[in-house]
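Asks: the sequence isn't on hand, but the structure is:
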């Protein structure tokens, strides 16, 4: 019976060979492993591929933030507070082309006719930009000590995204913030993952009263508006805690409240799977509960769990960003996207220093990339569908 | 039907009772209390505060009693007298503080819900009947953007655009002439003029999600045999669509009103904060930071109550739409 439905389910397979000789593509299709099938299906989803590339770039940034950023996140250019983004030039004032890009100092001067402040480039003194420049010393991953940065200037300063109120380079801070924001997401996700897996597993595998109690509990948790609750919990953290400790606690908090969705999914899958013949067979053969769960049930819905994780990842990042944005989450010197956005809270900042707004672009791009990848993975999770 | 509604109503009350406890515990979590905060505040202003003063202040405010006594007091006052306690920092009863602001929050939530469904259902239907048309693609793209952008960032972006391009600010809920005025028809119209911005900001993510749900369900339904049968009988296309597949496709939409409301309530404090709306959002934040327990507790409880009410309403609506649910049948 199961055997037959299995075959019927394989919908998109190529038409059965009529000539009697199977084509090479057909053989490839029928002998492919499940993950190969998933990959083939995922590949068809263009946006998901784009999303994957973007995410890879983000991960790369998170790994090598110190090397990629031209300055240390705390290093200041004292004479360039709230500095505008500098522009890279290839042609100088005389119109000559240079292969090596350079930038100019920006100085504000009063226009003698209109009495308005005008920011002008001082074209008399170009600052050439070099690769692998020695700059602020850093210790990557707490191990590799170095002072070489991917790019930078040897004289003057280079702030491609401008500076904040203390004259700190926004690009460097943004790259470092990417690391914080991504790690918070990953760690929070892991906590949610284990909670969801265990609680959902218990609920689905044992059923009955336990299931009822857990389900009511989940419904209850889901009826609480999350962000206000997070705000209340985050406000409960003692103010004298070190920023690192707050960082750690906030991560756990986000993880503790995000598991309900996954638990539901695990339960639903378990409830439908545990009646399947292969589970009954395993039980008759004398397998223990743990073995049945780990060896037979888990692999059959692992792909769905991965999909759910990739979909809930953006929510973690957004929750952290929101909390830090209103000043209840992470605090300096820890830098995250939300912490950076604290500078862009009011209209004055937006009107006068619009470059402080760039972290928004990072957040939106990363979240969209994750939704695309999540969509692609959801389609690919069941390679036999449609 | 009546039995179903009563049953749901009792569950709602039970949830509310449990929530009030959770809310109280959460609000009580921070170490120290308002007396400490007040003493700190006074000391930083240069006033000498002895520890005896702190203890006496704590006693006056009733903060030296154990938490469960205070909880029972709080809850029984709410239930029996409609008294939500006293706001420490504002020296006013919480009900008085919230009277105006809570109304605005509720209005904002209702406006957003109307906005969300008023847009999502027609656009979803359109996307499904004209699949792969230009409008369908447009809705999909806006949907992706809307779902990826958290509401407070959308608010920031709108602020940015309004300041940079139009040279005005979209913040606030009233024009300056009406801000201090008492309620009148003119003020109400003025409110509606301002309300669409936060409603748009808060509702975009939900709208995007509901459009996708509506589109997907309707696409499934409109190819089913009962539609073909009705068409074969000669029903006009419009009537046929509205009477059968759309009605079925409304089910998942209606059942998510509760979640939608939860999401709106959750996003609202931040959006009000960014857009400087005079509702409960900014108040909630300051109350949390000041450890103004009863005020922040009342606001959090109000948020929770609104979402539970939303779930209750969507349950009842769903039962009206789909008779199978009323009789406890699993679908």
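Replies: Received the coordinates, thanks. All figures in this text were calculated on a predicted structure; none of them were measured in a lab.
Asks: residue 262: neighbouring residues, count only.
Replies: If you meant another chain, say so; for now it's chain A. Other residues near residue A:262 come to 24 when the count uses other Cβ atoms under 10 Å in any protein chain shown. (Glycine included, C-beta is placed from N, CA and C.)
Asks: the intended chain is chain B.
Replies: Under the neighbour criterion other Cβ under 10 Å, residue B:262 is assigned a count of 24.
Asks: repeat for residue A:360
Replies: Burial of residue A:360, expressed as a neighbour count using other Cβ under 10 Å, amounts to 21.
Asks: that one - nearest residue in space that isn't next to it in sequence?
Replies: Distances taken as Cβ to Cβ, 6 or more residues apart in numbering or on different chains place residue B:153 nearest to residue A:360, at 5.5 Å, with adjacent residues excluded.
Asks: so which bits of the helix or strand that contains the one you found are buried?
Replies: Secondary-structure element containing residue B:153, defined by DSSP states H and E: helix B:151-164. Buried residues in helix B:151-164, counted by 16 or more other Cβ atoms under 10 Å in any protein chain shown: B:151-160, B:162-163.
Asks: mind putting those residues into JSON lines with pLDDT?
Replies: Converted to JSON lines, those look like this (pLDDT from 0 to 100):
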{"residue": "B:151", "pLDDT": "78"}
{"residue": "B:152", "pLDDT": "79"}
{"residue": "B:153", "pLDDT": "79"}
{"residue": "B:154", "pLDDT": "83"}
{"residue": "B:155", "pLDDT": "82"}
{"residue": "B:156", "pLDDT": "79"}
{"residue": "B:157", "pLDDT": "80"}
{"residue": "B:158", "pLDDT": "80"}
{"residue": "B:159", "pLDDT": "77"}
{"residue": "B:160", "pLDDT": "76"}
{"residue": "B:162", "pLDDT": "75"}
{"residue": "B:163", "pLDDT": "71"}
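Asks: in the strand or helix carrying residue A:372, which residues are buried?
Replies: Using DSSP H and E, residue A:372 maps to helix A:358-381. Along helix A:358-381, the positions that meet the burial threshold by neighbour count (16+ other Cβ under 10 Å) are A:358-360, A:362-381.
Asks: which other helices and strands does that helix contact?
Replies: Using 3 or more Cβ pairs under 8 Å, 6 or more residues apart in numbering or on different chains; DSSP states H and E as the contact criterion, the elements in contact with helix A:358-381 are helix A:34-44, helix A:46-63, helix A:170-206, helix A:298-325, helix A:337-341, helix B:134-148, helix B:151-164.
Asks: so which of the ones you listed is the most packed in?
Replies: When you average the neighbours per residue for each of the helices and strands packed on helix A:358-381 (mean count of other Cβ atoms under 10 Å in any protein chain shown), helix A:337-341 leads with a mean of 26.
Asks: so where's the chain shaky on pLDDT?
Replies: Since you didn't name a chain, this refers to chain A. Where chain A drops to pLDDT under 70, the residues are A:1-22, A:34, A:93, A:108-111, A:114-118, A:123, A:381-386.
Asks: wrong one, I was asking about chain B
Replies: Using pLDDT under 70, the flagged stretches of chain B are B:32, B:166-173, B:176-181, B:323-331.
Asks: please name the residues that touch whichever residue of the stretch 1-150 of chain A sits closest to chain B.
Replies: Among the residues of the stretch 1-150 of chain A, residue A:47 lies nearest to chain B; the distance is 8.6 Å by Cβ to the nearest Cβ. By Cβ atoms under 8 Å, 6 or more residues apart in numbering or on different chains, the contact list for residue A:47 reads A:372, A:375-376.
Asks: ok, now residue A:257?
Replies: Listed by Cβ under 8 Å, 6+ apart, the contact partners of residue A:257 are A:221, A:226, A:229-230.
Asks: now residue A:202: how far from residue A:262?
Replies: When Cβ to Cβ, to the nearest Å is the yardstick, residue A:202 and residue A:262 sit 13 Å from each other.
Asks: with residue A:331 instead?
Replies: In this structure, residue A:331 lies at 30 Å from residue A:262, with Cβ to Cβ as the measure.
Asks: can you list the buried residues in the longest strand along chain A?
Replies: Once chain A is assigned using DSSP state E, the strand that runs over the most residues is strand A:117-140. The neighbour-count criterion (16+ other Cβ under 10 Å) identifies A:126-127, A:129, A:133, A:135-136, A:138 as the buried residues of strand A:117-140.
Asks: what packs against that strand?
Replies: Judged by 3+ Cβ pairs under 8 Å, 6+ apart, strand A:117-140 is in contact with helix A:65-68, strand A:97-110, strand A:144-153.
Asks: what sits closest to residue B:163 if chain neighbours are left out?
Replies: Counting by Cβ to Cβ, 6+ apart, the residue nearest residue B:163 is residue A:351, at 4.8 Å.
Asks: what is the burial count for that neighbour?
Replies: Burial measure for residue A:351: 14 neighbouring residues, criterion other Cβ under 10 Å.
Asks: pretty sure it contacts residue B:165?
Replies: No - applying Cβ atoms under 8 Å, one finds residue A:351 not in contact with residue B:165, separated by 11.2 Å.
Asks: in contact with residue 243: list those residues for me.
Replies: Since no chain was named, I'll use chain A. For residue A:243, the contact set (Cβ under 8 Å, 6+ apart) comprises A:330-334.
Asks: my question was about chain B, not that one.
Replies: Contact analysis of residue B:243 by Cβ under 8 Å, 6+ apart lists residue B:235.
Asks: tell me how far it lies from chain A.
Replies: Per Cβ to the nearest Cβ, to the nearest Å, residue B:243 is found 29 Å from chain A.
Asks: now for the most centrally placed residue in chain A: which residues touch it?
Replies: Against the mean C-alpha coordinate of chain A, by Cα atoms, centre = their mean, the closest residue is residue A:182 at 4.9 Å. Counting by Cβ under 8 Å, 6+ apart, residue A:182 makes contact with A:58-59, A:62, A:317.
Asks: list the buried ones in stretch A:216-225?
Replies: A:218, A:220-225.
Asks: want to try TSV for the residues you listed, with distance to chain B and secondary structure as columns?
Replies: Formatted as TSV, those follow (distance: Cβ to the nearest Cβ, whole Å; DSSP: H, G, I helix; E, B strand; the rest coil):
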residue	distance to chain B	secondary structure
A:218	13	helix
A:220	6	helix
A:221	9	helix
A:222	8	helix
A:223	6	helix
A:224	6	coil
A:225	4	coil
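Asks: wait, residue B:135 touches residue B:125, no?
Replies: No - between residue B:135 and residue B:125 there is no contact under Cβ under 8 Å: 11.3 Å.
Asks: quick revisit: looking at the contacts of residue A:257, which is nearest chain B?
Replies: Minimum distance to chain B across the contacts of residue A:257 is 5.2 Å, recorded for residue A:226 (Cβ to the nearest Cβ).
Asks: residues near that closest one, how many?
Replies: With neighbours defined by other Cβ under 10 Å, the count for residue A:226 comes to 21.
Asks: report the contact partners of the residue nearest the centre of chain B.
Replies: Nearest to the centroid of the C-alpha atoms of chain B, with distances taken as Cα atoms, centre = their mean, sits residue B:265, at 2.4 Å. Taking Cβ under 8 Å, 6+ apart as the criterion, residue B:265 is in contact with A:225, A:228, B:109, B:303, B:306-307.
Asks: against residue B:56, how distant is residue B:38?
Replies: With distances defined as Cβ to Cβ, the gap from residue B:38 to residue B:56 amounts to 12 Å.
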